[in-house]
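A.B. asks: What shape does this take:
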Amino acid sequence: MIYENILNQNNLIELNDRLVIGVSGGPDSMGLLHFLMSLQEKYQLTLYVAHVNHHTREEENTKEEEMIQKFCALYQLPLYVGHFNKRGKKNFHEEARDYRYQYFLQLAKKLEANKIVLAHHEDDQVETILFKIARGNHISGYIGMKKSFMIDDNITIIRPFLNVTKSDILSYCHKYQVPFMIDSSNFKNIYTRNYIRNNIIPTFDEIQSDFSNKIMQLHDQLVEVDDYLKQNSKILLKEMIISCEKDRIILDVSKLKNTHIAIIRYILLSVVNELCEESFELTYEKLKNLINIIHSEKPNITFDLGNQMYCVKAYNKISFEIGQKDYEAYGIIIDDFKDYDLPNGMILRVKKVEEKRKFNNKSLILCYNSTIWPFTVRTRKKGDEIKTKIGTKKVNRIFIDAKIPVNMRKTWPLLVDKQGHVLWVIGIQKPDFSLLPNGEENVMIEVL
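C.D. replies: The predicted structure is shown next:
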């Protein structure tokens, strides 16, 4: 039944709340409005009624709006009406839902309300869970609707009736003579939700008389599991983050591999949602692909998640990033003794020195004369190779052996002589000095 204590659970209603109540005209929302009115004085509530006319059943829509207007006028409740007309490519229910949420949110901001109240009930919750199961989802999705969640700064959406059955709401409306109208489209099975409500649930009820109650038991257990996994994934994620930027988060692959698969799923969901301003659907299949990438022996993998989201595995790192950079080939002439800024972020310092031939990962000293000067620093070309003491080696193989990620290879600088021969895969592979000219004038090329 409908009792005051349903509002005390999870602190859904508190003293001095300012509430925008979504009212369609059906028994659920009209019953909710009447129920909140009965508590208005006790909790010092400020109530605003919000109705959206969807203009799909013109005569019915008009009668619904008029009924709500009369009810609000009778009890001196402020009423605000929005008008929805389908325009976009989404299906009707999706687009209409988005409109309602935005309309209620804008209204809440305008009226300085702190909560938006919706009349979803237990039967709606059962339908939602079955709908999610039919479509496929992850554990958090199978839970269905939440009793409360923040939709914007200082504005919360609450659903006080999520544990109240439709029959209890109807009994309440009849008991207190609350007016309502029934949406005739609810009986048409052209929408999946209607088919579940009108056909699937009655069939299960024949098998198990308290089927809805069993689904709600499943819901309660999933909530507990979801909460546990979220708490633990949040702790472990902190240990796995190598880098966290606005458009990219990099994780440690070896630590992910040693984590239970259930936790990995929640970590990946958390990372993706952190990067996206809007909710991002990471389907079961996409999650499965990501887990396979983490455990794959391949060192370099790029996976397009859709909506400009990419996963890039590079040896022991896996990054999630918004968009992918365009890598352009470059060539910079080195004909002066100064600092050179390279497009990949490196800075090269070129200066005269008296030291003889020498090499380490950060610098190269060699004789320069007219046979190799001026140098060029450029990106790799197909077929590039370098002569070393043990023979000729392809530049691409050098990158592989040095475990340079594929995306970094595209902009990695090579030092090339006047004839186009690769002298140094900068920071990685030195040349065979015996093949280079020897003289008194030496130059140091140093990575800063």
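
A.B. asks: Got phi/psi on residue 321?
C.D. replies: Dihedral pair for residue 321: phi -140, psi 150, per degrees, to the nearest 10.

A.B. asks: Am I right that residue 19 sits in a strand?
C.D. replies: Yes. The assignment for residue 19 is a strand, going by DSSP: H, G, I helix; E, B strand; the rest coil.

A.B. asks: count of neighbours near residue 223?
C.D. replies: Residue 223 has 16 neighbours, counted by other C-beta atoms under 10 Å. (C-beta placed from N, C-alpha, C; glycine too.)

A.B. asks: Hmm, it is touching residue 144, no?
C.D. replies: No. If you go by C-beta atoms under 8 Å, residue 223 and residue 144 don't touch, sitting 9.3 Å apart.

A.B. asks: and the gap between the nearest residue to residue 445 once chain neighbours are set aside and residue 159?
C.D. replies: Leaving aside its chain neighbours, residue 445 sits nearest to residue 364 (5.1 Å; criterion: C-beta to C-beta, 6 or more residues apart in numbering). Distance of residue 364 to residue 159, given as C-beta to C-beta, to the nearest Å: 67 Å.

A.B. asks: Then the residue nearest to residue 445 would be within a helix, right?
C.D. replies: No. The assignment for residue 364 by three-state DSSP gives strand, which leaves it out of any helix.

A.B. asks: Show the contacting residues for residue 381.
C.D. replies: residue 329 (C-beta atoms under 8 Å, 6 or more residues apart in numbering).

A.B. asks: in the stretch 51-200 of the chain, which spans are strands?
C.D. replies: Remark: strands assigned in the stretch 51-200 of the chain by DSSP state E, counting those that start in this stretch are 79-83, 115-117, 148-152, 155-158.

A.B. asks: Please read the previous query as pertaining to the stretch 301-448 of the chain.
C.D. replies: Counting by DSSP E, counting those that start in this stretch, the strands of the stretch 301-448 of the chain are 309-314, 317-322, 331-334, 339-341, 347-353, 358-359, 363-367, 375-378, 385-388, 391-394, 414-416, 422-425, 442-447.

A.B. asks: For residue 301, find the nearest of those.
C.D. replies: strand 309-314 (4.4 Å; C-beta to C-beta).

A.B. asks: List the buried residues of the closest one.
C.D. replies: Neighbour counts over strand 309-314 (16 or more other C-beta atoms under 10 Å) mark 309, 310, 311, 312, 313, 314 as buried.

A.B. asks: List the strands paired with that strand, with their directions.
C.D. replies: Looking at strand 309-314 with DSSP bridges, its partner strands are strand 300-306 (antiparallel), strand 317-322 (antiparallel).

A.B. asks: Residue 72 and residue 375, how far apart?
C.D. replies: Distance from residue 72 to residue 375, by C-beta to C-beta: 80 Å.

A.B. asks: The two: which is more packed in?
C.D. replies: When neighbours are counted by other C-beta under 10 Å, residue 375 comes out ahead of the other of residue 72 and residue 375, with 22 against 19.

A.B. asks: show me what contacts the closest residue to residue 182 other than its chain neighbours?
C.D. replies: Leaving aside its chain neighbours, residue 182 sits nearest to residue 26 (6.8 Å; criterion: C-beta to C-beta, 6+ apart). Residue 26 sits next to 119, 180, 181, 182, 183 when contact means C-beta under 8 Å, 6+ apart.

A.B. asks: try 7 Å this time
C.D. replies: Contacts were defined as C-beta atoms under 7 Å, 6 or more residues apart in numbering; by that measure residue 26 touches 180, 181, 182, 183.

A.B. asks: Which ones among these map onto helices?
C.D. replies: Using DSSP state H, no member of the contacts of residue 26 falls in helices.

A.B. asks: Quick one: buried ones out of the residues you listed?
C.D. replies: Buried members of the contacts of residue 26, scored by 16+ other C-beta under 10 Å, are 180, 181, 183.

A.B. asks: got those residues as TSV, with distance to residue 196 and pLDDT columns?
C.D. replies: As requested, those are exported to TSV (distance: C-beta to C-beta, whole Å; pLDDT from 0 to 100):
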residue	distance to residue 196	pLDDT
180	22	94
181	22	92
183	16	80
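
A.B. asks: Looking at these, which is nearest residue 322?
C.D. replies: For the buried ones among the contacts of residue 26, the nearest to residue 322 is residue 183 (40.3 Å; C-beta to C-beta).

A.B. asks: Could you measure from that closest one over to residue 128?
C.D. replies: 17 Å.

A.B. asks: Please apply the same query to residue 211.
C.D. replies: Here residue 211 is placed at a distance of 15 Å from residue 128 (C-beta to C-beta).

A.B. asks: same thing with residue 30?
C.D. replies: Distance from residue 30 to residue 128, by C-beta to C-beta: 21 Å.

A.B. asks: If you count surrounding residues, which of the two has more?
C.D. replies: Between residue 30 and residue 128, counted using other C-beta under 10 Å, the more crowded position is residue 30 (24 against 20).

A.B. asks: which ones are touching the residue nearest to that one when sequence neighbours are not counted?
C.D. replies: Leaving out its chain neighbours, the residue that sits closest to residue 30 by C-beta to C-beta, 6+ apart is residue 180, at 4.3 Å. Residues near residue 180 by C-beta under 7 Å, 6+ apart: 25, 26, 27, 30, 173.

A.B. asks: and what of residue 184?
C.D. replies: By C-beta under 7 Å, 6+ apart, the residues touching residue 184 are 57, 60.

A.B. asks: right, and the strands of the stretch 51-200 of the chain - which one's nearest residue 338?
C.D. replies: The closest of those to residue 338 is strand 148-152. By C-beta to C-beta, the value is 52.6 Å.

A.B. asks: Describe which strands the closest one pairs with in its sheet and in which direction.
C.D. replies: By DSSP bridges, strand 148-152 pairs with strand 155-158 (antiparallel).

A.B. asks: Identify the residues contacting the partner strand?
C.D. replies: 12, 105, 108, 114-118, 147-151.

A.B. asks: now these as JSON lines including pLDDT?
C.D. replies: Converted to JSON lines, those look like this (pLDDT from 0 to 100):
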{"residue": "12", "pLDDT": "91"}
{"residue": "105", "pLDDT": "96"}
{"residue": "108", "pLDDT": "96"}
{"residue": "114", "pLDDT": "96"}
{"residue": "115", "pLDDT": "96"}
{"residue": "116", "pLDDT": "97"}
{"residue": "117", "pLDDT": "97"}
{"residue": "118", "pLDDT": "97"}
{"residue": "147", "pLDDT": "92"}
{"residue": "148", "pLDDT": "92"}
{"residue": "149", "pLDDT": "91"}
{"residue": "150", "pLDDT": "91"}
{"residue": "151", "pLDDT": "89"}
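
A.B. asks: Put the buried members of the residues you listed into a ChimeraX selection.
C.D. replies: Per 16+ other C-beta under 10 Å, the buried members of the contacts of strand 155-158 correspond to this ChimeraX selection:
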select :12,105,108,114,115,116,117,118,147,148
